[in-house]
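1. What would the 3D arrangement of this be:
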Amino acid sequence: MRSVKCWCEQKNLGLALLPWLVPAVSVLFLKYTLLSPRGFLESGLGLRASGVLTVSEKALLFRSDFRLSFLLIPLGLCCLTYFFPKYVRLALTATLALLAEILLTLEVAVHLATGGFVTAKTMWVVTTWVLNRHDDSIIWLPLMEEVGLVAWVVATGLFAAIAFALMRQPRRWANYACLSIFGIGAVASALASVPRSPKLAWSPPLLDIAVHAALVDTDADDTNMLARSVPELHQLYQKASHLPVSSSSAFFGKAQDYNVLLFVLEAIPAQVFDPARDSLEDMPNVRRLRQHAFVSAKHYTTFPATNYAALSLFTSLYIKGAVGSAIGNRPAELPGMVRSLRTAGYKTAFYGYVWKVESERDDRMLLSLGFEKIVEPTINESLDRGGWTTFVGPISYVENNDLQVLHSLRDDIHRWTAGRQKFAAAFFPEIGHDPWRELAGQKSISVKQRGHALAVYQDAWLGELIDELERDGALERTIIVITSDHGLRWLPAPHQHVQFVSPGRLDDIVVHVPLLVYVPEVLSHPVTLEWPTSHIDIAPTILDLLGVPAGRELEEGTAIWNPGITKRRLFLSMDPFGADGFFDSGNYYMRNASRTTLKSDSLHFEDRNTLAFESEESVAVRQALAEQNGLQRALSLHLLDGHFRPR
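-> Residues are numbered from 1 along each chain as shown. Alright, predicted model coming up:
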């Protein structure tokens, strides 16, 4: 016993561990911040219908944090630094504590803003965007003030300085006092481990959750998925989604040799513009097209981010990680509609703002999709750093940019049709980017009225394109698709400038978007589709209408009129906004960042929709989503590495 005492004094174990006391304490405070009040309620709903946890049940949610922060990590530090000099041991502990504190507070800041944790790469993207724009109001980072990042970092440095001073003039009481604190924490973890309780979503230690989120893109086994070939991955997806076999329908090839025009609105949900339900009295051009169109009453984006959503729209794939610098580092040639149409003799072109933040290089993504021509507005880089002015700046600025590319598209349509050249063109205006900006004279209208006004405003732009096609005699030989990349994500807020509409929850207003597919001479009246459709279905629908069979081996969607679509499991994702889910057998399922699962008969989730964490249904939902994420990640890597060539 005496030798242990001498060893503790000689090694100054307590003082060497003093800096770690800051993250050990802060992890309890930060976890309580996340759990209060919704987290406790969601965990309670996993135990009983009332959703009210007892004091002891709430305490049990922290036992893993006590065990890791006050027992396992301190013991690990003691063992790993046993032979190190005392000052080196202190420096290592202080460094680890500082890194842990920064990671914890950043992840909690993100979670409070969006309801989810993110990877280190995503965190870096946001940070560099803020630095490039010299603005501190972007999305997640202002909430760092609320969780006290600076205070925790300063406290870690202060405790390290105190430990250093005490080591120079050893104080036994300080050494033993620090050891006693960790000892009390270890005893608390042991006592908390005695009662038995169901495993809940917040049972794992917060530090473990934060590290795992930062280092791992998905909670699926990517290694296992990466060992599979691209065709094997596609077969797994077909099985998981119950994907209906493409049937030779009456519409296949009925629009052969038609042109294709995609008009993709920015951030316009079906709540403010729904061609399947609205009268469209104030949108005469959309109303005209609806007379000969498929319209979907339940159409969903794949991701609430333009680049990912566009990737799904053009490729019929959910793949993640196939945008930005990854494409820039590899000569990727992604299969999909654009490449298939080029092979079939179409001129392909994209018209719209092209985001060129280094980690989100949309120009590289568009080239990888096979676009021959990319027309973007002339951007003043000194005025529009990182797309900030385009996304939330003066509406006159973004309107002028949109009109630039609109007029270029109109001129190209005239030139193509004059030369009897088939074309496939996509127009992506930015005027509707959220948080929605006010058009002239609209300061008193509601948020939804503002969104609808933006849709109405763009109906006139659609009219310009219709007029050009009509003058050129090409309107009745052109498929026109009208949709939105995603719904409303951000609202203006007084102090943070923006706030997330539905943090950590899938919601109709975020992912439910309009879809109209105009097919003249093929449809004599509107055809309303009541079953869920997705952006992954747009490419198969267009290619089926055109009768183009080539390069379609990996499609994850199907034609929107396919009768088997009603039995499909349709995956819905809000990554990286803190939740993902799917629609299956008439129900919507969701998993958030804390792995809480919810079930609802509509695409809106409340606390009462929470499933018991260990229930068979809840486990099955988490497993299905984990496998889907891992599968899509592996598929992305294979395609970027060129492991697949379409026939």
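2. so what pLDDT did residue 7 get?
-> On the pLDDT scale, residue 7 is placed at 48.
3. do residue 60 as well
-> 87.
4. Can you get me a residue count around it?
-> Number of residues near residue 60 (other Cβ atoms under 10 Å) recorded here: 21. (Glycine included, C-beta is placed from N, CA and C.)
5. so who does it touch?
-> 192, 195, 197, 203 (Cβ atoms under 8 Å, 6 or more residues apart in numbering).
6. where's the third one, which helix or strand?
-> When secondary structure is defined using DSSP states H and E, no element contains residue 197, which sits outside every helix and strand.
7. same deal with the second one?
-> Using DSSP H and E, residue 195 sits in no helix or strand.
8. Next, please give the residue ranges for the strands of the stretch 201-350 of the chain.
-> Applying DSSP state E, counting those that start in this stretch to the stretch 201-350 of the chain gives strands spanning 259-265, 293-300, 347-352.
9. So in terms of bridging, what pairs with residue 516?
-> Counting by DSSP bridges, residue 516 is bridged to residue 295, residue 482.
10. Let me have the strands of the stretch 201-350 of the chain in a markdown table, extended by mean neighbour count.
-> As requested, these are exported to a markdown table (neighbours: other Cβ atoms under 10 Å):
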| stretch | mean neighbour count |
| --- | --- |
| strand 259-265 | 24 |
| strand 293-300 | 24 |
| strand 347-352 | 24 |
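11. need the helices for the stretch 251-400 of the chain, in chain order.
-> 284-290, 306-315, 325-328, 337-343, 362-369, 388-392, 395-418 (DSSP state H, counting those that start in this stretch).
12. pLDDT (mean, whole number) over the fifth one?
-> Going back to what we said before, that points to helix 362-369. 87.
13. Taking helix 306-315 as reference, get the angle to that helix.
-> Put simply, helix 362-369 runs at 10 degrees to helix 306-315, going by axes from the mean of the first three to the mean of the last three Cα atoms, to 10 degrees.
14. Which strands or helices does helix 362-369 pack on?
-> helix 306-315, helix 325-328, strand 373-375 (3 or more Cβ pairs under 8 Å, 6 or more residues apart in numbering; DSSP states H and E).
15. Redo the strands of the stretch 201-350 of the chain as JSON lines? Include mean pLDDT and distance to residue 236.
-> Below are the strands of the stretch 201-350 of the chain laid out as JSON lines (pLDDT from 0 to 100; distance: least, Cβ to Cβ, whole Å):
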{"stretch": "strand 259-265", "mean pLDDT": "98", "distance to residue 236": "30"}
{"stretch": "strand 293-300", "mean pLDDT": "98", "distance to residue 236": "22"}
{"stretch": "strand 347-352", "mean pLDDT": "98", "distance to residue 236": "31"}
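16. Which neighbouring elements make contact with the longest helix along the chain?
-> If each helix of the chain is counted by residues according to DSSP state H, the longest one is helix 86-114. Secondary-structure packing of helix 86-114 (3+ Cβ pairs under 8 Å, 6+ apart): helix 13-17, helix 21-34, helix 73-80, helix 144-147, helix 149-168, helix 206-215, strand 497-500.
17. at 6 Å instead, please
-> Here helix 86-114 touches helix 13-17, helix 21-34, helix 144-147, helix 149-168, helix 206-215, going by 3 or more Cβ pairs under 6 Å, 6 or more residues apart in numbering; DSSP states H and E.
18. Out of those, which is the most enclosed?
-> Mean neighbours per residue, mean count of other Cβ atoms under 10 Å, is largest over those for helix 13-17, with a mean of 26.
19. okay, and for the protein, where does confidence drop off?
-> The chain contains residues with pLDDT under 70 at 1-11, 129-148, 170-171, 217-223, 246-248, 320-331, 358-359, 493-498, 576, 642-647.
20. Domain map for it?
-> 2-215, 218-242+569-647, 253-499+519-561 (automatic domain parsing).
21. Could I get those domains in a markdown table, plus columns for distance to residue 508?
-> Shown next, in a markdown table, are the domains of the chain (distance: least, Cβ to Cβ, whole Å):
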| stretch | distance to residue 508 |
| --- | --- |
| domain 2-215 | 16 |
| domain 218-242+569-647 | 4 |
| domain 253-499+519-561 | 7 |
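22. For residue 506, find the nearest of those.
-> domain 218-242+569-647 (4.7 Å; Cβ to Cβ).
23. And the closest one, how far out from the chain middle?
-> How far domain 218-242+569-647 lies from its chain's middle: 13 Å, per Cα atoms, centre = their mean, to the nearest Å.
24. Neighbours of residue 378, how many?
-> 8.
25. burial of the residue lying closest to it once chain neighbours are set aside, as a residue count?
-> Of all residues not flanking residue 378 in the chain, residue 404 sits nearest, at 6.7 Å (Cβ to Cβ, 6 or more residues apart in numbering). The tally of other residues near residue 404 (other Cβ under 10 Å) stands at 16.
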